[in-house]
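1. Sequence and predicted structure, then a few things I'm wondering about:
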Amino acid sequence: MKKEQVVNCQFSVWYPIFKKHTIKSLILPLPQNVIDYLLDDGTLVVSGGDNNTQHNQTNNSDSEEEDVQWSDDETTTTVTAPEFPEFNSKVLEAINSLGGCVFPKLNWSAPRDANWIALNSSLQCQSLSDIFLLFKSSDFITHDLTQPFLHTSDEDSPNPAINYELVLRKWSELLPGGEFRCFIKENKLIGISQRDYTQYYHHISKQEAQICHSIQEFFSQHVQYQFLDEDFVLDVYRDSWGKVWLIDLNPFGEVTDSLLFTWEELTSGNSLSANQEEGDIAQQEGPVFRYTTSDVTVQPSPCLSYRIPRDFVDLSTGEDAYKLIDFLKLVRTTAVVITQFKIATGLL
Ligand SMILES: Nc1ncnc2c1ncn2[C@@H]1O[C@H](COP(=O)(O)OP(=O)(O)OP(=O)(O)O)[C@@H](O)[C@H]1O
């Protein structure tokens, strides 16, 4: 996978090409001070309260009296949030024009690994502070900002310049059983995988031929030969009427999860073979379709390890589990207390 392929898979590159077949979205350039804020480790976020403000902590506060001590770490204290009034009003305007609820992304990634931190445990956002809370808690967002060209084969060539963007997509309730990932090589659809392979969906085994056919048709009518590259990965959604929508476009390579395939299989040049464990239909000249066929093969969710910091995952067994639960309760209570304090004192 070359750097150019990563550049081409940015939202702002593929969205104009496939606008008619995907969820309505708006793209806002991300100002440098917002990027700096997102990358600043010493700054924490407390969610809640007013939709227009975020509540954070930075170093070197001038307003010590208003501070709330949040941690023992001397470098981290609670102070008035940095404000980005101009950017904030652009974001709110965009959110309103998309119906009031959005799904946020950066150039490539959504903060899928951080939904556990949101009060509603969802990526649904109604304000800039909702977005900041998710972005600042997400390794996927940090990856976009700091190492977007990881796993590229031309790593010695200079990195292309990236204009960072906030992508706001109209919130849509997507049923996980309707999501599929398609692997396109040399402009041919070679493989389709159930996106959420951790679950068994009865309707997929019942309708495998129709699903495969509708995705193939969508691909050949609307996608094939339309994109800048001939190798890429497409995420699609088949709604309850059988209509297929484009959800996302990703680079064809290690940086993208190959789900029920392996990258070795996908890149070897050999035709994909049937897999005994998962549903797997191969039509002549058609893609191989893999899905989970029974509860027996169900696997743990790939995002499980992101819900809480890794050290806490280790703590979560044995007698230390109680300490972990107490700690998490304390974190949440502290966040609520800080928010209530700020509301009471007019800081929010
Ligand atoms: N507009 C939306 N409204 C609600 N949920 C959405 C929306 N867009 C995407 N999702 C959900 O979020 C998931 C991740 O979205 P998306 O593929 O855009 O993120 P990503 O970070 O690029 O993921 P990946 O790197 O795996 O491609 C989707 O599989 C879908 O379940």
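-> Happy to help now that I have it.
2. backbone phi and psi for Q5, please?
-> phi -70, psi -40 (degrees, to the nearest 10).
3. Name the residue of the stretch 201-348 of the chain that lies nearest to the ligand.
-> Closest residue of the stretch 201-348 of the chain to the ligand, C-beta to the nearest ligand atom: D248 (3.5 Å). (C-beta placed from N, C-alpha, C; glycine too.)
4. Please settle this for me: is that residue part of a helix?
-> No. Under DSSP: H, G, I helix; E, B strand; the rest coil, D248 sits outside any helix and is assigned strand.
5. I95 contacts C125, doesn't it?
-> Yes. Using C-beta atoms under 8 Å, I95 is in contact with C125, at 7.4 Å.
6. hey, what's in contact with both of these two?
-> Residues touching both I95 and C125 (C-beta atoms under 8 Å, 6 or more residues apart in numbering): 101-102.
7. Domain ranges for this structure, per the record?
-> 3-44+83-170, 176-273+283-290, 308-345 (the TED database).
8. any idea which of the ones you listed scores lowest on pLDDT?
-> Lowest mean pLDDT of the domains of the chain: domain 308-345, a mean of 50.
9. Pull the contacting residues for the residue of the stretch 201-348 of the chain closest to the ligand.
-> D248 makes contacts with 234-235, as judged by C-beta under 8 Å, 6+ apart.
10. Y237 too?
-> With contact taken as C-beta under 8 Å, 6+ apart, Y237 is in contact with 174, 178-180, 244-245, 247.
11. Let's see that with 6 Å instead.
-> Taking C-beta atoms under 6 Å, 6 or more residues apart in numbering, we find Y237 in contact with 174, 178-179, 245, 247.
12. Am I right that it is in a helix?
-> No. With three-state DSSP as the criterion, Y237 is strand rather than part of a helix.
13. separation between it and C182?
-> Plainly put, Y237 is 11 Å away from C182 if you go by C-beta to C-beta, to the nearest Å.
14. coming back round to it: of the contacts of Y237 - the most surrounded one?
-> G178 (22 neighbours; other C-beta atoms under 10 Å).
15. So it sits against R238, correct?
-> Yes. Using C-beta atoms under 6 Å, G178 makes contact with R238 at a distance of 5.0 Å.
16. phi, psi of the closest residue to V167 other than its chain neighbours?
-> Residue nearest to V167 in three dimensions, not counting chain neighbours: K105, with 4.1 Å by C-beta to C-beta, 6 or more residues apart in numbering. Here is the backbone geometry of K105 (degrees, to the nearest 10): phi -140, psi 170.
17. what are the ranges of the helices in the stretch 151-300 of the chain?
-> Under the criterion DSSP state H, counting those that start in this stretch, the stretch 151-300 of the chain contains helices at 202-206, 208-218, 263-267.
18. In a markdown table: the ones you listed, plus distance to the ligand.
-> Converted to a markdown table, the helices of the stretch 151-300 of the chain look like this (distance: least, C-beta to the nearest ligand atom, whole Å):
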| stretch | distance to the ligand |
| --- | --- |
| helix 202-206 | 15 |
| helix 208-218 | 15 |
| helix 263-267 | 14 |
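19. Tabulate those helices (CSV), appending distance to A114 and mean neighbour count.
-> Listed next are those as CSV, based on distance: least, C-beta to C-beta, whole Å; neighbours: other C-beta atoms under 10 Å:
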stretch, distance to A114, mean neighbour count
helix 202-206, 28, 13
helix 208-218, 30, 17
helix 263-267, 26, 16
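20. can you tell which of the ones you listed is closest to D139?
-> helix 263-267 (20.7 Å; C-beta to C-beta).
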